[in-house]
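Enquirer: Structural data only, the sequence is not supplied:
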C-alpha cells in the first residue's frame, strides 16, 4: 500500500495486554494493512508504557504507507475494569499501577483523532461478530478461555454493555456453590474451574495429595504442570488428567447451558488458548451444554471456534470504533 492511496477511513486498532502491545491499521472491512507488536513491560508503569505505545502507533501508520489524516479514528481494547464512556482505565489486574488512567484523553491529545475504549473481551466479541465466526448472526455470546475467562454479548446485532459498561463477565458466573476461590474475590466462578491456570492448579493439588499420574513424569515437578502437560497426559490415557478434564468440560458445559437459557443466542463463539484442545473440548462441551439447556433454547445454538486468531485484539479495537460510530449515527437518526 503506497502513500499515493487517498482513502481516508482507515482505523487504528490498539490492543493493550499484560504481556504485549499490538497495533494495526485496519480497513472498515476488517483487512489488517500493517501491524506492530512489542512486549508491554508493565513493570515500567503506565506513563512509560503509553509512551512506547504511542511510538508503536506511529510505526504502524508509517508501515501502512499512509498519513494520520487518513486515520478516521482509533479504537482501544484493554483489560478491565474500565469506564468506556469516560475513557478511563480503572485498575486492571493485568496492568498493575494503571489506576484511573485517562487513556482516551491521552491518546486523543497525542494523535488528534477520536479515540474509543472498551473491554478487550467486548472488543473481541465485536470483531468475531463483524469479521469472524459470528458473521450474519443477530444474537451471539463470545467467550475467551485462556489465563482467565472473558465474555462479550451481542444482542439484536449490537453489543450489550450493561448499566456501567461492564456486562459480559461470564467467567465470574457462579457454577459451584461455595466453590473454589476466584481472583475476583468470589467463590465457585467458572474461571476458577475452566481457565488454563485453574485446570493446572487442580491437577497440581491432586498430584501433591499423592494421586498417581503421568503428569509428574511429564512436568518434572508439581509446579511444572501446565495445560500442555495435562493435554499430553490426557492423550496418553492418564486417569488423573482424564478426571480433571472431564470435570472441567462438565462445568464449562453447565456454564454454557446457563448462557443459553439466559440469552437464547443463535451462536456461542469460543476463543482463547484453551480452544487449542480442539475436539477434546468442543465435542463434550457441545453435548453437555445442549443436554443441560432447555430444549427450545438449545436447539438453534451452534458452539463454534473463533476464527480471527492472533489478530482478534487489533480487529476488536477497530470494531469498537465501528460499533460506536454506528450507534451514534443511529441515535442521531432517531432524533431527526
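Expert: Looks like it came in fine. Just so we're clear, the structure is a prediction, and the values are computed from it rather than from any experiment.
Enquirer: show me where pLDDT drops low in the stretch 101-250 of the chain?
Expert: In the predicted model of the stretch 101-250 of the chain, no residue satisfies pLDDT under 70.
Enquirer: ok, residue 209 - how many residues close by?
Expert: Neighbourhood size, residue 209 [other Cβ atoms under 10 Å]: 7. The way it works is simple: take the backbone N, C-alpha and C, and place the C-beta from them, glycine included.
Enquirer: Also residue 136?
Expert: So residue 136, with other Cβ under 10 Å, has 8 neighbours.
Enquirer: Kindly provide the distance from it to residue 98.
Expert: Going from residue 136 to residue 98 by Cβ to Cβ, to the nearest Å gives 37 Å.
Enquirer: For residue 304, what are phi and psi?
Expert: The phi/psi pair for residue 304 (degrees, to the nearest 10) reads phi -130, psi 160.
Enquirer: So it sits against residue 133, correct?
Expert: Yes - judged on Cβ atoms under 8 Å, residue 304 makes contact with residue 133 at a distance of 5.2 Å.
Enquirer: Identify the contacts common to those two.
Expert: Both residue 304 and residue 133 are in contact with 267, 269, where contact means Cβ atoms under 8 Å, 6 or more residues apart in numbering.
Enquirer: neighbour count winner among those two?
Expert: residue 133 (21 against 18).
Enquirer: Give me the phi and psi angles of that one.
Expert: The phi/psi pair for residue 133 (degrees, to the nearest 10) reads phi -70, psi -10.
Enquirer: residues contacting it?
Expert: 267, 269, 304-308.
Enquirer: Sitting in helices, which of those do you find?
Expert: Among the contacts of residue 133, none falls in helices (DSSP state H).
Enquirer: Sort out which one of the residues you listed lies nearest residue 13 for me.
Expert: Nearest to residue 13 among the contacts of residue 133 is residue 308, at 11.5 Å by Cβ to Cβ.
Enquirer: related to what we said a few turns ago, highest neighbour count among the contacts of residue 133?
Expert: Ranking those using other Cβ under 10 Å puts residue 269 first, with 28 neighbours.
Enquirer: The stretch 51-200 of the chain: strands as residue ranges?
Expert: Ranges of strands within the stretch 51-200 of the chain are 71-78, 82-83, 88-89, 115-119, 140-145, 149-155, 158-159, based on DSSP state E, counting those that start in this stretch.
Enquirer: just those strands: most buried one?
Expert: Most buried of the strands of the stretch 51-200 of the chain, by mean neighbour count (mean count of other Cβ atoms under 10 Å): strand 140-145, with a mean of 28.
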